[in-house]
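Participant: Okay, here's the prediction I keep looking at, along with the sequence it came from:
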Amino acid sequence: MAQTPKKGARSDDPGLAPRALALDMIEGVQDEQMTMAEMLVHDHVLSHPPAVRARAQRLALATLRQMARADAALKPFMQRRPHAEIRALLRLAVTEILGEGAAPHGVVNTAVALAKKRRPSASGMVNAVLRKVTEDEGRAAWSAAQPQRLPNWLRGRVGADWGNAAVARMEAAHERGAPLDVTPKFQRDAAALAEKLGGLLLPTGSIRIEAPGQVSALPGFEAGDWWVQDAAAALPARLTGAAPGKRVLDLCAAPGGKTMQLAATGADVTALDISETRLERLRDNLSRTGMKEVDLIAADALDWSPDAPFDAILLDAPCTATGTIRRHPDLPQAKDGTEIKPLVALQAELLDRALGWLAPGGVLVFCTCSILKAEGEAQLAAALERHPDLSACPLPEDMAQSLPEGWAQDNGAIRTRPDHWADLGGVDGFYMVALRRG
């Protein structure tokens with residue numbers, strides 16, 4: 001397991017605390033290859049007040065998302081590359097000033113104070129560089145820089161799958177980040193709910209909200225009228241054909257957006273996940289949305305077996321999550337590609353096992369939030385070769401008509417990428433296909 005983030009920069013000064021914690025988070029990603037999700041549950045991070053944690057996370061993610069711009073702005077004023085700790089500090093400060101629009105004076109003073117705590121000998125250089133970078137030359141270099149490139153382990157694979165032009169578009173989408181998408185509990189309420197939330201009703205039925213603020217304070221949250229879910233992630237559940245009277249399994253279910261979609265149809269839903277902790281979060285979400293009649297099971301799908309077959313199974317298989325970099329810019333830096341081969345093998349094993357739990361005529365929906373064909377298109381091709389009686393189902397007519405051009409593939413699968421829907425704010429990368437035997 002990755003190590004705990006550094007504690008040396010902790011400060012009780014409210015001006016220093018969130019920036020010190022953000023610096024710890026950046027170092028945790030870059031030096032210890034920890035994801036943000038892993039860091040957020042460490043005692044060191046949890047010891048800070050929620051407001052400090054939230055601000056630190058926002059600053060750290062913004063810095064990771066815009067490192068290339070920060071480096072371009074710093075370059076004219078750096079005679080040599082500084083120590084990694086100071087480089088991270090400079091990137092953080094420049095991003096807050098030039099990317100977040102913070103007042104330079106306070107940011108510079110705090111950065112100098114942090115440098116004195118971390119590497120006192122560098123504090124003078126930090127002060128001088130940051131005061132220069134806020135001038136015209138630094139701002140122009142920031143604006144002219146290209147978006148942050150994917151690391152080599154991922155960029156080469158994505159380029160081989162989609163071409164270099166598509167890679168550049170995806171990198172631009174990653175830098176822009178992601179708006180908030182929500183899924184209405186009942187689609188019949190979508191238009192009214194979009195108006196209530198001040199959001200945009202997307203062609204696929206999700207609602208997109210720009211600059212939402214505190215999510216739990218939005219209209220309808222406490223009432224359980226909707227839940228947060230990327231527009232692409234809301235599509236696989238619709239492929240299952242879930243309806244009242246059907247037995248449906250959500251495999252690898254937590255945190256539960258797809259489970260709630262399935263439950264809202266009136267189907268008899270079982271949700272299985274290997275993590276009891278993650279299922280607790282799903283249980284809370286089901287309670288908030290008033291959908292408690294779901295059978296929750298904490299188990300390893302490779303060891304568990306159902307007592308009766310299912311009419312539909314939704315397998316959101318463990319994957320690299322490379323389709324979610326817009327929201328999680330820490331992922332490409334916290335990973336190195338070594339997990340791809342074992343994940344692909346696990347996906348195939350889960351798919352083969354789940355196929356055996358289908359009732360005659362049943363449907364298995366396989367999906368991954370990945371932009372790698374190895375975890376999508378290639379998985380389908382391999383599954384069809386292993387199972388000659390397996391076939392991909394055509395898209396339901398209502399989905400085929402609502403999907404943007406280019407998302408649906410000839411074989412009935414759906415492929416989304418971060419550079420899709422650029423005019424609407426992008427979408428997560430996903431692959432999904434419904435499969436039937438016989």
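Facilitator: Alright, I've got the coordinates.

Participant: Partner strands of the lengthiest strand in the chain, with direction?
Facilitator: The single longest strand within the chain, with elements called by DSSP state E, is strand 358-368. Applying DSSP bridges, strand 358-368 is found paired with strand 310-316 (parallel), strand 430-437 (antiparallel).

Participant: Quick one, which of those strands gets closest to Gly177.
Facilitator: Each of the strands paired with strand 358-368 has some distance to Gly177 by CB to CB; the shortest is strand 430-437, at 17.6 Å. Just so you know, the C-beta spots here come from the backbone N, C-alpha and C atoms, and that holds for glycine as well.

Participant: ok, the residue nearest the centre of the chain - contacts?
Facilitator: For the chain, Thr324 is the residue whose C-alpha lies nearest the centre (CA atoms, centre = their mean; 3.5 Å). For Thr324, the contact set (CB atoms under 8 Å, 6 or more residues apart in numbering) comprises Asp230, Leu331, Cys369, Asp428, Gly429.

Participant: and if you look at Leu315?
Facilitator: Counted by CB under 8 Å, 6+ apart, Leu315 has contacts Leu251, Cys252, Leu350, Leu351, Ala354, Leu364, Val365, Phe366, Cys367.

Participant: what's the distance between it and Tyr431?
Facilitator: For Leu315, the distance to Tyr431 equals 12 Å [CB to CB, to the nearest Å].

Participant: what touches both of these two?
Facilitator: Cys367.

Participant: Identify each buried residue in the helix or strand where Val344 lies, please.
Facilitator: Counting by DSSP states H and E, the element that carries Val344 is helix 340-355. Under the neighbour-count criterion of 16 or more other CB atoms under 10 Å, helix 340-355 has Ile340, Leu343, Val344, Leu346, Gln347, Ala348, Leu350, Leu351, Arg353, Ala354, Leu355 buried.

Participant: How about stretch 18-34?
Facilitator: By 16+ other CB under 10 Å, the buried positions in stretch 18-34 come out as 18-30, 34.

Participant: In helices, which of the residues you listed appear?
Facilitator: Among those, the ones falling in helices (DSSP state H) are 18-30.

Participant: could you pull out the helices for the stretch 201-350 of the chain?
Facilitator: Under the criterion DSSP state H, counting those that start in this stretch, the stretch 201-350 of the chain carries helices at the ranges 257-264, 276-288, 331-334, 340-355.

Participant: Just put the ones you listed in JSON lines and tack on mean pLDDT and distance to Ala234.
Facilitator: Shown next, in JSON lines, are the helices of the stretch 201-350 of the chain (pLDDT from 0 to 100; distance: least, CB to CB, whole Å):
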{"stretch": "helix 257-264", "mean pLDDT": "96", "distance to Ala234": "7"}
{"stretch": "helix 276-288", "mean pLDDT": "92", "distance to Ala234": "14"}
{"stretch": "helix 331-334", "mean pLDDT": "94", "distance to Ala234": "21"}
{"stretch": "helix 340-355", "mean pLDDT": "98", "distance to Ala234": "21"}
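
Participant: which one of those lies closest to Ala70?
Facilitator: Closest to Ala70 of the helices of the stretch 201-350 of the chain is helix 331-334 (CB to CB; 14.1 Å).

Participant: elements contacting the closest one?
Facilitator: helix 17-32 (3 or more CB pairs under 8 Å, 6 or more residues apart in numbering; DSSP states H and E).

Participant: Let's test this: mean pLDDT of the helix it packs on, rounded?
Facilitator: Averaging pLDDT along helix 17-32 yields 94.

Participant: Tell me how far it lies from the chain's centre.
Facilitator: Distance of helix 17-32 from the chain centroid (CA atoms, centre = their mean, to the nearest Å) equals 19 Å.

Participant: next SSE after that helix?
Facilitator: Per DSSP H and E, the first helix or strand lying C-terminal to helix 17-32 is helix 36-39.

Participant: Keeping just the C-alphas, turn the helix or strand containing Leu154 into CSV.
Facilitator: Applying DSSP H and E as the criterion places Leu154 in helix 152-162. The C-alpha coordinates for helix 152-162 follow below in CSV (Å, rounded to 0.1, in the frame of the first residue of the first chain):
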residue,chain,number,x,y,z
ASN,A,152,4.3,8.4,-22.1
TRP,A,153,2.9,5.1,-20.8
LEU,A,154,-0.6,6.2,-21.6
ARG,A,155,-0.1,8.6,-24.5
GLY,A,156,1.5,6.0,-26.7
ARG,A,157,-1.4,3.6,-26.1
VAL,A,158,-4.1,6.2,-26.7
GLY,A,159,-2.3,7.4,-29.8
ALA,A,160,-2.1,3.9,-31.2
ASP,A,161,-5.9,3.4,-30.6
TRP,A,162,-7.2,6.8,-31.8
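
Participant: Could you pull up the mean pLDDT of the helix or strand following it?
Facilitator: Per DSSP H and E, the first helix or strand lying C-terminal to helix 152-162 is helix 164-176. For helix 164-176, mean pLDDT is 97.

Participant: Redo the strands paired with strand 358-368 as TSV? Include mean pLDDT.
Facilitator: Below are the strands paired with strand 358-368 laid out as TSV (pLDDT from 0 to 100):
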stretch	mean pLDDT
strand 310-316	98
strand 430-437	97
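
Participant: Can you redo these as JSON lines, where the extra columns are distance to Asp181?
Facilitator: Listed next are those as JSON lines, based on distance: least, CB to CB, whole Å:
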{"stretch": "strand 310-316", "distance to Asp181": "16"}
{"stretch": "strand 430-437", "distance to Asp181": "12"}
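
Participant: With Met399 as the reference, name the closest of the helices of the stretch 201-350 of the chain.
Facilitator: Evaluated over these, closeness to Met399 peaks at helix 257-264, with 13.4 Å, by CB to CB.

Participant: Can you report how many residues neighbour the closest residue to Pro306 other than its chain neighbours?
Facilitator: Of all residues not flanking Pro306 in the chain, Trp357 sits nearest, at 5.3 Å (CB to CB, 6 or more residues apart in numbering). Residues near Trp357, counting by other CB atoms under 10 Å, number 19.

Participant: wait, isn't Trp357 in contact with Ala312?
Facilitator: No: taking contacts as CB atoms under 8 Å, Trp357 lies outside contact range of Ala312: 10.5 Å.

Participant: Overlap in contacts, those two.
Facilitator: Common neighbours of Trp357 and Ala312, using CB under 8 Å, 6+ apart, are Leu249.

Participant: separation between Thr324 and Gly177?
Facilitator: Separation of Thr324 from Gly177 (CB to CB): 11 Å.

Participant: those helices in the stretch 51-200 of the chain, which residues are they?
Facilitator: According to DSSP H, counting those that start in this stretch, the stretch 51-200 of the chain carries its helices in the segments 67-74, 84-94, 104-118, 123-133, 136-144, 152-162, 164-176, 190-197.
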